[in-house]
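Visitor: Build me a model from this:
(chains A and B)
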Amino acid sequence: MPQDVIVTQKLTKTYGRPPVQVFALRETTLSIQQGDYIAIIGPSGSGKSTLMNLLGCLDKPTSGTLFIEGRDVLTLNENQLAKIRREKIGFIFQKYNLIPTLSALENVELSMGFAGVDSQTRTTRAKQLLEMVELSKRLTHKPSEMSGGEQQRVAIARALGNNPSIILADEPTGNVDTKSGENIMRILEDVNTRGETIIVVTHNMAIAQRAKRVLHIQDGEVREQHA
Amino acid sequence: MLRDHVNLAIKNLRHRLSRSILTLLGIAIGIMSIVSLIALGEGMQQAVTGELSSLSDVIVVTTGGDFMTSFGMGGATAEYFTDRDIADVERTQGIRDVSTQLTGTALAEYNGETTVVSLTGMDPQIMQLQYATQGLEAGDFLNEGDQNKIMIGYTIAHSLFDVDVLVGGRMTIHGEKFFVSGIFSKQGMGGVSSDSVVLLSIRDFEKLTGQSNISIIYLRVNDVTEAEAIAATIEGVINENHGRKDFATATTMTSVLETVQSIIGILQLVLVAIASIALVVASIGIMNTMLTSVMERTREIGIMKAIGATNKDIMSIFIIEGMLVSSIGGMCGIILGVFGSQGLTLILNSFMMMGGSSNLAPVITLVSVVLAVAVSLIVGVLSSLYPAWKAARMSPIEAVRYE
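Guide: A predicted model of the protein is given here:
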């Protein structure tokens, strides 16, 4: 019986106050199991990124509850949230978001550094991860010296650094060409087959169809699409 | 962990190299001015201490006003000590030896020209002690037992007569022939005035004038720690002899030294306070640069938070950055300060015309270096505290959204 890694109840995010209140996300109730592969689709401004930011503990909901591996996220303080972000969650952004002054290797090591992994262990692991995403020859390159696809693969390696149970990817293929996009999805699916939970936000229906579950968001409301 | 933060800070400083160097320069200048001014003050302290501490067992007794105004200004006082005063002083316990300085005026003739000079008769040993730091332009000091020899000041030698007086030259004073043994260097400002004195031995003075106009008594004590007490006793005894409370003033060199040192200490403090303004400006510079850096790196901060950095991590990265800038700046400032103080001394020496006799040299002490390092680190922490706090407080979502 797979465990629920994410459970939300009536999770809501609003901006502004009545009467000009905008619902970015409306009373969303979800449960996501260990090893799930979920695609979230919907038009621009529908609330996809809001949901991702809430699940990734980057943002705080207006109301409702969010449990990650059984812990009520809303009761956690800043430090505890930071701990969840670095140990339970791996974030992959559309725009890669690597630190421009650091090399590929240093970028991958960074999150492990925040987690307090000793430098020898993390260098070894970072090299393994970069090898896995086929970037062994780019260890010392700065983000500006790499293509979009390569940067995104560094970002994936970084997200995997602390062995998170959940990978949140916000349009990971949005800024790369088709071939690189395919490569990136294949890596994520590999990771998923090893038991990691993957949640991908995408515009691309072809990518969404590969997922085990597809969630539609429209005007802040989430509906499950049944195959 | 800390190493990572340092690494991140270094990477970032290098990324914005010209800005980092300019910020660093501000701190370097601030620290430089503090280090060089402390070195200068310390140099002054040591020069004065060196000059006066060789006289630490000496007590000077003068008539009338205090020692500082009458010292070396031969003939300025109209009252003289009596033989009874001298005898009383010699009887006082704890005294090693007593010598006197006699003052008066006389007609002097050189190369057919005649003019009035002020004479000072004193013990050759005391003469050497008192004028040791002065230095001679030419010739030698008088020796014990020398007869009919004089020492003259720079003005006497070069401006008083139409022709310059030379060592070995013959000057006639009160009809008696004297040979010039030594000429003092030009003194200018500061120190004990010697430019217009004619010095001769006590015996020659008495022989010449038939008087013993004792205006200053020098005495040395056996135990320096008793100097103050002995000075008070002597002052009391002489005042009683003359039936006046303000006839004599006995001053120990230690008390003069203390006064001079405290004056220099205050001067030093003022100089450092002024130099500190440069440091305050520099720390505002750091804060400004860091605030700009925080703004520019809003997105980076958000990313770091998104991948698990705590507020403490973020604060530490920025504070380390500030500390790096200020400590490297501080190091440069210390090095610049070492050279700066040399330059400053050079300027001061030529300005004060202390010439070859000057022994003012900047002194870089370990304390001042440690102080400079500590101050620059503190400045680094203080001025990066606010920017770091601002960075740490950013919400990861706002920061990641920021373009």
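
Visitor: quick one, phi psi at A:Cys57?
Guide: phi 60, psi 30 (degrees, to the nearest 10).

Visitor: residues touching it, list them.
Guide: A:68, A:73, A:81, A:84-85, A:89 (CB atoms under 8 Å, 6 or more residues apart in numbering or on different chains). Every residue, glycine included, has its C-beta placed from N, CA and C.

Visitor: Next: A:Pro164.
Guide: Contacts for A:Pro164 (CB under 8 Å, 6+ apart) come out as A:87-90, A:196.

Visitor: Swap in 7 Å and give it another go.
Guide: A:Pro164 sits next to A:87-90 when contact means CB atoms under 7 Å, 6 or more residues apart in numbering or on different chains.

Visitor: and if you look at B:Leu324?
Guide: B:Leu324 makes contact with B:9-10, B:13, according to CB under 7 Å, 6+ apart.

Visitor: Could I have the PyMOL command that selects the buried members from those?
Guide: Those of the contacts of B:Leu324 that count as buried under 16 or more other CB atoms under 10 Å in any protein chain shown are selected in PyMOL with:
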select buried, chain B and resi 9+13
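
Visitor: export the contacts of B:Leu324 to a markdown table and tack on pLDDT, secondary structure and distance to B:Glu296?
Guide: Listed next are these as a markdown table, based on pLDDT from 0 to 100; DSSP: H, G, I helix; E, B strand; the rest coil; distance: CB to CB, whole Å:
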| residue | pLDDT | secondary structure | distance to B:Glu296 |
| --- | --- | --- | --- |
| B:Ala9 | 91 | helix | 15 |
| B:Ile10 | 91 | helix | 17 |
| B:Leu13 | 91 | helix | 13 |
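
Visitor: Find the helix or strand that residue 181 is a member of.
Guide: Going with chain A. Assigning secondary structure by DSSP states H and E places A:Gly181 in helix A:178-193.

Visitor: let's do chain B instead
Guide: Per DSSP H and E: B:Ser181 is located in strand B:176-184.

Visitor: Pull out the buried residues from that strand.
Guide: B:178, B:180-184.

Visitor: Distance to chain A and pLDDT for those - can I get that in a markdown table?
Guide: Shown next, in a markdown table, are these (distance: CB to the nearest CB, whole Å; pLDDT from 0 to 100):
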| residue | distance to chain A | pLDDT |
| --- | --- | --- |
| B:Phe178 | 83 | 90 |
| B:Val180 | 77 | 90 |
| B:Ser181 | 76 | 89 |
| B:Gly182 | 71 | 89 |
| B:Ile183 | 70 | 88 |
| B:Phe184 | 67 | 85 |
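
Visitor: Next, format these as TSV and append distance to A:Lys212.
Guide: TSV is the format used below for these (distance: CB to CB, whole Å):
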residue	distance to A:Lys212
B:Phe178	120
B:Val180	114
B:Ser181	113
B:Gly182	108
B:Ile183	107
B:Phe184	104
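
Visitor: B:Thr251: what secondary structure?
Guide: Three-state call for B:Thr251 (DSSP: H, G, I helix; E, B strand; the rest coil): strand.

Visitor: and it, how many neighbours?
Guide: Counted with other CB atoms under 10 Å in any protein chain shown, the neighbours of B:Thr251 add up to 20.

Visitor: Go ahead and confirm it touches B:Val60.
Guide: Yes: counting by CB atoms under 7 Å, B:Thr251 touches B:Val60, with 5.2 Å between them.

Visitor: Just the closest residue of chain A to chain B, please.
Guide: A:Arg86 (2.1 Å; CB to the nearest CB).

Visitor: Of all the residues in the one helix or strand that residue maps to, which ones are buried?
Guide: Using DSSP H and E, A:Arg86 sits in helix A:78-87. Neighbour counts over helix A:78-87 (16+ other CB under 10 Å) mark A:81-87 as buried.

Visitor: could you dump those residues to JSON lines with distance to B:Asp195 and pLDDT?
Guide: Shown next, in JSON lines, are the buried residues of helix A:78-87 (distance: CB to CB, whole Å; pLDDT from 0 to 100):
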{"residue": "A:Leu81", "distance to B:Asp195": "80", "pLDDT": "93"}
{"residue": "A:Ala82", "distance to B:Asp195": "77", "pLDDT": "93"}
{"residue": "A:Lys83", "distance to B:Asp195": "80", "pLDDT": "93"}
{"residue": "A:Ile84", "distance to B:Asp195": "84", "pLDDT": "94"}
{"residue": "A:Arg85", "distance to B:Asp195": "81", "pLDDT": "93"}
{"residue": "A:Arg86", "distance to B:Asp195": "79", "pLDDT": "92"}
{"residue": "A:Glu87", "distance to B:Asp195": "83", "pLDDT": "93"}
